[in-house]
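*Asks:* what follows is a predicted protein model with its sequence.
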Amino acid sequence: MTAEPSGVLTGIHYLDGDFACGEGAMAAGCRFVAGYPITPSTEVVERIGRRFPMMGGIFIQMEDELASMAAIVGAAWTGTKTMTVTSGPGFSLMMENIGLAAMMEVPCVVVNVQRGGPSTGLPTMVGQADVMQARWGSHGDYPIIALCPQSPQEAFDLTVEAFNLAETWRTPVLLLMDECVGHMTEKVVIPPASEIRVVNRRLTDKKPEAYRPYEPDERGVPEFARVGDGYRFHATGLTHDERGYPIMTAECQARTVRRLVDKVRKNADRIVRFEEQDVEGADVVVLAYGITARVARAAIDMARAQGVKVGFLRLVVLWPFPEAKIRELAARIRAFVVPEINLGQLVLEVERCAGGQARTCGVPHAGGGVHDPEEICRVILEAAQ
Amino acid sequence: MSTEPAPRSTEEQHPITPYVRMDRMPHIWCPTCGIGTVVKCYVQALVEEKLDLDKVAVVSGIGCTGRVAGYVKLDSFHTTHGRAIPFATGLKLCRPELLVTVFSGDGDLVGIGGNHFIHAARRNQDVLVILVNNFIYGMTGGQNAPTTPLGAKSSTMFFGNFERPFSLPHLAASSGATYVARWTSLHIRRLTRSIREAVRRKGFRFIEVVAPCSTLYARLNKLGTGYDLMKFYHDFSEIRNDADTSELDIEFQSRIVCGRFVDKERPTYKESMDAHYEKILGSRYVPMKPEGGWIP
């Protein structure tokens, strides 16, 4: 591998999803990664750890995932783009400081290469059961953005996008990979640096006397000041006012937490991303994400061969959830079919948004493998009745 | 008798006023709490060292001492319980030109944060750690701490503590800290001098400051007023620089050995990393810039 200061390994490569994710981080300008070894995610940091010394980046293996997450939040205050990488058990430990990042409004990226759970579960085998934990895992109300790649190519593309979203909205962004995508090797095209869209957080140009660290702009996002630039600001995980000072009142709580949540909720249409295929005139729409989206395609082909009008909605962004799209589809289709490698998580959101207008049929899988397409096909056929 | 008119009354500021967030006063600390004194010594040390205060960051965890970050007029971060050291580690590595101080309590840094403490010392991360030890969890109401002396009462050990406490200088020194000292909040000149000295050093520098919690620790243990505690420090602290750190245990209401116990040089984490990569990679190695990893 040749060292290139920009970090972009332009070319056509054969990479697994973990390596592609690492390349995406470097292409996005990430220069600090802290992590703790955990299967099946470790290859991401192994890749980065080997390339960072040639591009001014630091990878540090911390003592645990609590420390890894805390380190990237601290480092992000220098303006450096930061990331950590883990899987289920480590993701649980990171929840504490994911909450801190959300509350302090610190841009950072957390990659979870999902494996089977709960607890130690299936360390080397696939799962998609951290979808609700990704949304609600830390305590309190907070915003979150989560992206879900279906291929190594997307692991690269969406890692870049995860950094762009984190920088835009000043919030932690999750990349919810799964073991299959993480360990699958495919062609990955990395474009020249000039063709990769990279976003940086909005730095304040106010003078220190006039700067208020949590004064929101028109999008609800405060301007960023770097530590060490003379602003002498304060940031806290406590409920705080626009000065960043702790204020222990219900009024300040409402103002702070509502703005935090609204940052993503009210801008959801700018963040939500999905791909749709043949939904016009469909009786049944299959909704899937990650590796399961690829299995679902085979099932859709089988069902079509039997004459069912099936559409496909693949979620690229899981959180915020595409509520408006589901409502719109629910009004004109018979049923949703939602295969996922868990015992029913995102299907609950689909059911909530469908609001009884269309049936919602889950296709659960406990993990350790992917669905049999015939099983998904069977549910599609039932749903079309 | 002088015929000069009496000087007009002037309003003198406390010397550290420019360096604390006066718009946040009054602070939350109890009367006779020792933390404010330690903050004063810290700020004074920075000023006496003529540091560029724009290049100083303070990171605190949770608890009474965790509130220090909120009162100093510096770039300051009030983080999660126990995680001040790893937060500071990331911050310092990504802007190496800064002086990064972790200011927190005993429960925060060696209770819930104990693992981070020993690993940061082992790696010799370039942070100055000031730990205020009041022997108890103050903010939450006087619960047992990993520093509560044997036999001392706490709200969760009503019949007295039977867990052996940590000797913090020994823990820090044996984990690899390059500067280790202990003072009490009575030793304001020595503490200030020690902070100044530590600021000039690099690596994992650790200063323990024993400080009174008259609201909880003293009340639960019937130790009297703040004055009584200061008098106790006066009578029972013993300065023994370079003492063997294995002999620094603190027993209930007994001798407190103070002093500077370790002052040595060892490459910091970043120095070791830079030297290693330069050796292996030569000119291909690109170190983190002093002003950080920000790419405009």
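*Replies:* Looks like it came in fine.
*Asks:* any idea which helix or strand carries residue A:66?
*Replies:* If you go by DSSP states H and E, residue A:66 is part of helix A:65-76.
*Asks:* contacting residues around the following helix or strand past that helix?
*Replies:* Downstream of helix A:65-76, the next assigned helix or strand under DSSP H and E is strand A:81-86. Outside strand A:81-86, the residues that touch it by CB atoms under 8 Å, 6 or more residues apart in numbering or on different chains are A:21, A:25, A:28-36, A:38, A:41-42, A:44-45, A:65, A:68-69, A:71-73, A:75-76, A:94, A:107-113, A:163, A:166-167, B:90, B:94, B:293, B:295. In short, each C-beta sits where N, CA and C put it, glycine included.
*Asks:* filter these to the buried ones?
*Replies:* Those of the contacts of strand A:81-86 that meet the buried threshold are A:21, A:25, A:28-36, A:38, A:41-42, A:44-45, A:65, A:68-69, A:71-73, A:75-76, A:94, A:107-113, A:163, A:166-167, B:90, B:94, B:293, B:295, by 16 or more other CB atoms under 10 Å in any protein chain shown.
*Asks:* and the most centrally placed residue in chain A, what's its pLDDT?
*Replies:* For chain A, the residue nearest the mean C-alpha position is residue A:146 (2.5 Å; CA atoms, centre = their mean). What the model reports as pLDDT for residue A:146 is 98.
*Asks:* secondary structure class for it?
*Replies:* Using DSSP: H, G, I helix; E, B strand; the rest coil, the structure places residue A:146 in strand.
*Asks:* pretty sure it contacts residue A:132?
*Replies:* No - contact criterion CB atoms under 8 Å: residue A:146 and residue A:132 do not qualify, at 10.6 Å.
*Asks:* which element follows the helix or strand hosting residue A:297 toward the C-terminus?
*Replies:* Counting by DSSP H and E, the element that carries residue A:297 is helix A:291-305. Counting by DSSP H and E, the element after helix A:291-305 in chain order, helix or strand, is strand A:310-315.
*Asks:* neighbouring strands of that following strand in the sheet, and parallel or not?
*Replies:* Counting by DSSP bridges, the strands paired with strand A:310-315 are strand A:274-277 (antiparallel), strand A:284-288 (parallel).
*Asks:* how far off centre is that strand?
*Replies:* Centre-to-centre, strand A:310-315 and its host chain are 19 Å apart (CA atoms, centre = their mean, to the nearest Å).
*Asks:* angle of that strand against helix A:291-305?
*Replies:* 170 degrees (axes from the mean of the first three to the mean of the last three CA atoms, to 10 degrees).
*Asks:* and the strands paired with strand A:310-315 as CSV, adding distance to residue B:32?
*Replies:* Output for the strands paired with strand A:310-315, formatted as CSV (distance: least, CB to CB, whole Å):
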stretch, distance to residue B:32
strand A:274-277, 61
strand A:284-288, 63
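*Asks:* who wins for proximity to residue B:15 among these?
*Replies:* strand A:274-277 (61.0 Å; CB to CB).
*Asks:* mean confidence for that closest one?
*Replies:* The model assigns strand A:274-277 a mean pLDDT of 98.
*Asks:* now do the helices in the stretch 51-200 of chain B.
*Replies:* Taking DSSP state H, counting those that start in this stretch, the helices of the stretch 51-200 of chain B run over residues B:68-71, B:84-94, B:106, B:114-123, B:168-175, B:188-200.
*Asks:* which residues are in contact with stretch A:250-262?
*Replies:* Counting by CB under 8 Å, 6+ apart, A:102-103, A:105, A:140-143, A:171, A:214, A:216, A:220, A:239-241 sit against stretch A:250-262.
*Asks:* need the residues of the stretch 101-250 of chain B near chain A, please.
*Replies:* By the rule CB under 8 Å from any CB of the partner chain, the part of the stretch 101-250 of chain B lying against chain A is B:115, B:116, B:119.
*Asks:* next, count neighbours for residue A:373.
*Replies:* 19 (other CB atoms under 10 Å in any protein chain shown).
*Asks:* highest average neighbour count across the strands paired with strand A:310-315?
*Replies:* strand A:284-288 (a mean of 29; mean count of other CB atoms under 10 Å in any protein chain shown).
*Asks:* just the C-alphas of it, formatted as CSV.
*Replies:* Output of strand A:284-288 as CSV, limited to C-alpha atoms (Å, rounded to 0.1, in the frame of the first residue of the first chain):
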residue,chain,number,x,y,z
VAL,A,284,-46.4,-6.4,-1.3
VAL,A,285,-43.3,-4.4,-0.5
VAL,A,286,-40.3,-6.1,1.1
LEU,A,287,-38.3,-3.9,3.4
ALA,A,288,-34.8,-5.0,4.2
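*Asks:* in which helix or strand would I find residue B:271?
*Replies:* Assigned by DSSP H and E, residue B:271 falls in helix B:269-281.
*Asks:* does the closest residue to residue A:80 other than its chain neighbours count as helix, strand or coil?
*Replies:* Spatial nearest neighbour of residue A:80, chain neighbours left out: residue B:293 (3.4 Å); criterion: CB to CB, 6 or more residues apart in numbering or on different chains. Look at residue B:293: counting by three-state DSSP, its state is coil.
*Asks:* check contacts around residue B:293.
*Replies:* A:31, A:32, A:56, A:57, A:58, A:75, A:78, A:79, A:80, A:81, B:94.
*Asks:* chain B versus the fifth one, what's the distance?
*Replies:* The span separating residue A:58 from chain B equals 5 Å under the rule CB to the nearest CB, to the nearest Å.
*Asks:* pLDDT at that residue, what is it?
*Replies:* 98.
*Asks:* give me the number of residues near it?
*Replies:* Residue A:58: 26 neighbours (other CB under 10 Å).
*Asks:* and it, what is it in contact with?
*Replies:* Contacts of residue A:58 (CB under 8 Å, 6+ apart): A:31, A:32, A:33, A:52, B:93, B:94, B:273, B:288, B:293.
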